[in-house]
Each structure stands twice: as C-alpha cells, then as structure tokens.
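Asker: next come a sequence and a model predicted from it.
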Amino acid sequence: MNITGEFSLVVDENLAPQRLDQYLSGRDGFPSRSQLKQLLRRIELNGNPAKLSAQVSAGDRVSGVVEPPVQPDCIPEPLRAEILYEDDDVVVVNKPPGMVVHPAHGNPDHTLLNGLLGHVSGLQERFQQAGDGYAAESAAVRPGIVHRLDKDTSGVLIAAKHPAAHALLSQQFADRQVGKLYLAVVKGRPRNPEGELQSRILRDPRNRKRFCAGTTGGKPAVTRYRTVASAEFGRQLVSLASLYPMTGRTHQLRVHMQWIGCPILGDPLYGRRSAAMSDGLMLHATVLELQLPNGKPARFYAPLPEHWQQLLTAFNDASAHQGSAVHPEDRDWCAAQLRSLSADREPAAQ
C-alpha cells in the first residue's frame with residue numbers, strides 16, 4: 001500500500017544514522033528519494049521543520065504529509081487473464097507473467113486493472129462514489145485492486161467489484177487471515193529440505209530497485225518453504241519449492257530464496273537470467289485461500305503456465321526415483337499438475 005496523506009513515524013532503535021530522504025524511501029509504501037521532493041507537502045523532525053538532507057537517528061520522530069501522485073487515466077480494455085471464479089462481489093483471475101497489476105510509471109496500459117475496467121461494468125464509478133471509510137482515495141485510483149503480484153509473477157489474484165467487498169477482503173489481508181501458496185523453481189537445492197526463514201526486509205542501499213534481508217531496519221518477514229523435488233535441467237541442479245509467505249513484504253519470496261543461496265530462476269534482480277529459463281521468472285501464485293464477502297470460505301487454484309511443463313516433467317521423473325525424500329502430497333500434486341497441463345483446457349478470457 002502506498003503512503004498518502006499525513007504520517008508519523010518513530011525511527012527504529014537499531015537504525016544507523018542516515019539522511020531523512022534515505023530513511024523514508026527505504027520504508028514500504030513511501031516514494032523514491034526523487035519523488036519525495038515532488039510529493040512531500042510538509043516534513044518535520046522531532047516537531048520542527050526539516051530538510052530531506054537532515055540526519056535521523058534512533059528514536060527520532062518524523063512526521064509529514066505526502067500528496068498522492070497524479071494518476072494516469074485508466075482506459076477499459078479486454079481482460080487478458082483467465083477467470084478462475086466470479087460472482088457479484090469478486091472476480092478471481094490467473095494473472096499471466098509479464099502483466100502489471102495497475103498502471104504506473106512505464107506501464108500506462110495493458111494492465112490487469114485496464115482489463116477489470118473493461119470486464120466489470122461500472123467498476124470505476126462505484127469506487128469513485130465510495131465516500132469516507134476505508135482508504136477510498138487509494139481505492140478510487142486503483143478500483144477493485146486488493147493485493148498485487150509482481151509483473152513477472154503469475155498466478156491467482158482476487159479483485160473486488162464494489163467498495164464493501166474491497167473493504168472486507170483488504171481487512172483479511174491486513175489481519176493475515178489469507179492463505180497463500182507459491183511454487184518456485186530455484187537454483188540448486190536448499191540445504192534444509194524445509195524450514196522457516198525469518199529476517200527483516202529493507203530496501204537495498206546500493207540499488208533502490210532491490211530489497212535485501214537483514215537483522216535491523218525494514219520490516220519483519222517470515223517465509224515457510226518445502227523442497228518438492230530436485231532435478232538436473234539445462235546442465236544445472238534446480239529444485240521445485242513450495243513457498244508459504246506468512247507476511248507480505250515487497251519481493252519477499254525472491255529476497256528470501258536469494259538469501260539462502262537459492263535464487264528463483266529467471267529473476268533479473270536477485271539472480272541471473274539463465275539461458276535455460278528464457279521464459280522469465282519461475283514464480284507462480286498457486287493457491288489463495290480466504291473468506292468471500294458472502295461469508296463462504298473459498299480456496300482457488302491457478303494452473304501453472306504452459307512453459308513450466310518441460311521442467312515439471314523433469315521434476316516428476318526425478319520424484320519417482322527419490323521416494324521418501326519427496327513429501328507424498330507434493331509428489332502427488334506435481335503429477336496432477338503435469339496431467340492438467342497435458343489436458344485440453346478452455347482458453348483464457350480475451
């Protein structure tokens with residue numbers, strides 16, 4: 001969620017002294033250092049007016065006002081994502097890799113939001129008329145968007161058709177009541193076949209497009225993982241891993257897998273784009289489990305992209321020889337996914 005309006009922060013006691021603009025831009029939801037100059041209407045340090053070049057230290061109080069950026073017009077387009085489920089409150093899609101969720105700098109159109117506006121009649125108008133309550137301002141410029149996936153991450157994503165549904169779904173995400181399972185192909189094999197990764201995630205001071213894992217600063221992040229199978233592919237050892245994010249930090253899964261020495265294949269930020277992985281980032285949001293606005297519990301599965309089939313075949317063959325080293329549920333799931341990819345499926349909505 002992007003920060004707009006008034007904010008008040010207390011600098012973490014473990015944070016090393018740094019510039020005020022560096023501190024703010026490193027926090028989730030705040031704009032970049034260059035954007036801060038344009039969007040900050042007021043900034044105070046310990047109750048006094050301050051410049052962005054001021055030094056902040058542990059215990060300092062930082063407050064101010066961030067103006068929302070000017071949003072580009074979002075034009076309705078055909079929805080180019082497979083619809084997994086739809087009712088009067090929500091639409092659930094299987095987002096393809098390469099699709100941005102909503103317009104932003106460098107991606108003004110052909111986003112999921114463009115498609116939602118074309119698919120759900122009156123969506124924009126319902127959110128613009130939302131009034132007070134639950135961050136209607138941010139919802140109005142991104143109507144229906146409850147959560148996001150990175151551009152190159154594929155998989156299941158739910159959107160709301162009206163403000164009341166948006167509020168109910170957003171609260172579940174905020175309260176961590178949503179179950180999420182991702183599948184990833186990673187380089188090598190994790191040292192431990194399963195485990196829980198705990199760290200702080202903060203913006204990388206050397207490259208603001210990246211985040212990194214650390215012990216101080218940033219925000220706490222927890223990821224559980226399990227190795228499904230490993231196989232030789234393209235002259236390298238790769239593993240299929242199930243990832244369960246217990247928190248929702250930016251780039252969390254990509255950062256955590258790189259942190260343990262097993263970056264996700266095809267990741268240009270946290271690994272090397274392998275020639276064998278020319279289809280891009282091998283990360284897929286497979287399962288989403290939550291309560292629908294109508295009160296019914298629901299679990300949605302997003303089939304894997306077709307370009308995963310060759311790798312999945314290798315993992316399926318490898319799992320047959322690894323026996324008890326592979327969890328039975330994962331071995332069966334892997335085989336089921338292979339069958340589903342081989343079967344004829346209805347084409348995605350256009």
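Answerer: Right, received. Where do you want to start?

Asker: averaged pLDDT, stretch 286-305. What do you get?
Answerer: Averaging the model's pLDDT scores along stretch 286-305 yields 94.

Asker: just the buried positions in it, please.
Answerer: Applying a neighbour-count criterion of 16 or more other Cβ atoms under 10 Å, one finds Thr286, Val287, Leu288, Leu290, Leu292, Pro293, Phe300, Tyr301, Ala302, Pro303, Leu304, Pro305 buried in stretch 286-305. Glycine gets a C-beta too; all of them are placed from N, C-alpha and C.

Asker: gap between the two ends of that stretch?
Answerer: End-to-end distance for stretch 286-305: 10 Å, by Cα to Cα, to the nearest Å.

Asker: show residues contacting that stretch.
Answerer: For stretch 286-305, contacts defined as Cβ atoms under 8 Å, 6 or more residues apart in numbering pick out 82, 84-85, 87, 89-90, 92, 94, 96-97, 154-158, 160, 164-165, 168-169, 172, 177-183, 279, 284-285, 312, 337, 340-341, 345.

Asker: now do the helices in the stretch 151-300 of the chain.
Answerer: 163-174, 252-259 (DSSP state H, counting those that start in this stretch).

Asker: winner for burial among those?
Answerer: Of the helices of the stretch 151-300 of the chain, the one with the most neighbours on average (mean count of other Cβ atoms under 10 Å) is helix 252-259, at a mean of 24.

Asker: related to what we said a few turns ago, lowest average confidence across the helices of the stretch 151-300 of the chain, which one?
Answerer: Comparing the helices of the stretch 151-300 of the chain by mean pLDDT, the weakest confidence falls on helix 163-174, with a mean of 94.

Asker: who's in contact with Gly214?
Answerer: With the criterion set at Cβ under 8 Å, 6+ apart, Gly214 makes contact with Ser199, Arg200, Ile201, Leu202.

Asker: I meant to write Leu52 there.
Answerer: When the contact criterion is Cβ under 8 Å, 6+ apart, the partners of Leu52 are Arg19, Leu20, Asp21, Arg33, Leu36, Lys37, Leu40, Ile43.

Asker: repeat for Pro76
Answerer: Residues counted as contacts of Pro76 (Cβ under 8 Å, 6+ apart) are Asn114, Leu117, Gly118.

Asker: again, but for Gly218
Answerer: Gly26, Arg27, Arg200, Ile201, Leu202, Arg203, Phe211, Arg249.

Asker: excluding its backbone neighbours, what's nearest the third one?
Answerer: Ranked by Cβ to Cβ, 6 or more residues apart in numbering and with sequence neighbours excluded, the top spatial neighbour of Arg200 is Gly218, at 4.2 Å.

Asker: for the protein, which strand extends over the most residues?
Answerer: Longest strand in the chain by number of residues (criterion: DSSP state E): strand 219-233.

Asker: direction included, what does that one pair against?
Answerer: strand 194-203 (antiparallel), strand 236-245 (antiparallel) (DSSP bridges).

Asker: related to what we said a few turns ago, going by neighbour count, which of the contacts of Gly218 comes out on top?
Answerer: Tallying neighbours with other Cβ atoms under 10 Å puts Phe211 at the head of these, with 25 neighbours.

Asker: hey, which helix or strand in this protein has the poorest pLDDT?
Answerer: helix 328-342 (a mean of 50; mean pLDDT, DSSP states H and E).

Asker: partner strands of the helix or strand harbouring Val91, with direction?
Answerer: Secondary-structure element containing Val91, defined by DSSP states H and E: strand 90-95. Strand 90-95 has these partner strands in its sheet, going by DSSP bridges: strand 82-86 (antiparallel), strand 154-160 (antiparallel).

Asker: so what touches it?
Answerer: Applying Cβ under 8 Å, 6+ apart, the set of residues contacting strand 90-95 is 79, 81-86, 101, 112, 116, 119-120, 144, 149, 153-161, 165, 169, 285, 288, 292-293, 300, 302-303, 348.

Asker: follow-up on the earlier one: deepest-packed of the strands paired with strand 90-95, please.
Answerer: Counting by mean count of other Cβ under 10 Å, strand 154-160 has the highest mean neighbour count of those, with a mean of 26.

Asker: could you check the angle it makes with helix 163-174?
Answerer: 130 degrees (axes from the mean of the first three to the mean of the last three Cα atoms, to 10 degrees).

Asker: need the residues that contact strand 154-160.
Answerer: 84, 89-97, 101, 112, 116, 144-149, 166, 169, 182, 283-288, 290, 293, 300-302, 305.

Asker: so the residue of the chain most remote from its centre bridges to which residues?
Answerer: Distance to the chain centre peaks in the chain at Asn48, reaching 36.4 Å (criterion: Cα atoms, centre = their mean). With DSSP bridges as the criterion, the beta-bridge partners of Asn48 are Leu45.
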